[in-house]
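[1] Make a model of this:
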Amino acid sequence: MTVALSKLNFRDLGGLPAGEGARVRNGVLFRSEGPASFFDDHRAELGELGFRSVCDLRSEGERQSAPNDWCGPDCEVLHLDMNTDLRAETEDFWNTLKDGATPEYARSIMVKNYRKMPGALKPHLPAIVDALLAGQVPMMVHCTAGKDRTGVVIALLLSLVGVSRADILDDYRKSDVFGQNMAMAGSVEQGFLKSFGFVPSKEIIAMVVGIELEFLEGALAEVDETWGSVAGYFEACGIGAEQQAAIRAALVEARG
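    Modelled structure (predicted):
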């Protein structure tokens, strides 16, 4: 891991155990927070890693605010609007958080939002798979914080190739660094005020910018309940058994 990037919610998924003595390949699939967090030293290190594809899960407004202008000419940026970020919610929704909402209510909203994500990803997953199977790697998957939309996409890919639920959740926990960095920089309240026009209680903020295993578990439960399994979900997205096997071959290697 390069020095500057190690301080962000950024990491290579390589090395995770993928069953049967296998592991996720190093240097192929990365997850990250978005370019709003990138300084010059981050951009320099990203350039050195030679990304061939970037899966940007943000909305058009988020992309306009912080474009992926660090990518070189050999890197394809896929604009995959999942539109499940809480920023897309209505003013009425945000007023419910402003007017004395409890942390339990905020938690329920987050779980509900995560459960929407597999359906929102469904039309975009083939583009991610096509880039991966075309050898457009290293590949980065990111949203704004790198924990919510990105967390669901990465969890589905890792589940498909045999990474255990426990290891997926352990990786998800690491994304708490995003909220920690915001808190240390003193930018949490400022960010809420800019995005939403008010600052919720500290308990609500912690719930929205933080990590709760219940959030990601909700998205995975939605997949199981609606499509029967992760493999069934990929099948419903038009990605059949042959392509699923090819994804595993691209992402997984046997231990030497």
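[2] element containing Arg31, please.
    strand 29-32 (DSSP states H and E).
[3] what pLDDT, on average, does that strand get?
    Mean pLDDT, computed over strand 29-32, is 98.
[4] now stretch 76-83
    94.
[5] Compute the first-to-last residue distance for that stretch.
    End-to-end distance of stretch 76-83 (C-alpha to C-alpha, to the nearest Å): 21 Å.
[6] Equivalent analysis for stretch 122-141, please.
    The straight-line separation of the ends of stretch 122-141 (C-alpha to C-alpha) is 15 Å.
[7] by contact count, what packs against the strand holding Arg31?
    Helices and strands touching strand 29-32, by 3 or more C-beta pairs under 8 Å, 6 or more residues apart in numbering; DSSP states H and E, are strand 10-12, strand 139-142, helix 149-160. No exception for glycine: its C-beta is placed from N, CA and C like everyone else's.
[8] The longest one: what's the following helix or strand?
    The helix or strand immediately downstream of helix 149-160 is helix 165-173, counting by DSSP H and E.
[9] Report the buried residues of that following helix.
    Using 16 or more other C-beta atoms under 10 Å as the test for burial, helix 165-173 gives 168-169, 171-172.
[10] Kindly report the same for stretch 2-15.
    Within stretch 2-15, the residues that qualify as buried are 4-5, 8-14, counting by 16+ other C-beta under 10 Å.
[11] just stretch 101-109 next, same as before
    Under 16+ other C-beta under 10 Å, the buried positions of stretch 101-109 are 101, 106-107, 109.
[12] Specify which member of those is nearest to Leu132.
    Among those, Ile109 lies closest to Leu132 (C-beta to C-beta), at 32.1 Å.
[13] Could you measure from the closest one over to Pro17?
    The gap separating Ile109 from Pro17 is 33 Å, by C-beta to C-beta, to the nearest Å.
[14] With distance to Asn26 and pLDDT added, can I get the buried residues of helix 165-173 in a markdown table?
    Output for those, formatted as a markdown table (distance: C-beta to C-beta, whole Å; pLDDT from 0 to 100):
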| residue | distance to Asn26 | pLDDT |
| --- | --- | --- |
| Ile168 | 18 | 98 |
| Leu169 | 21 | 98 |
| Asp171 | 14 | 98 |
| Tyr172 | 20 | 98 |
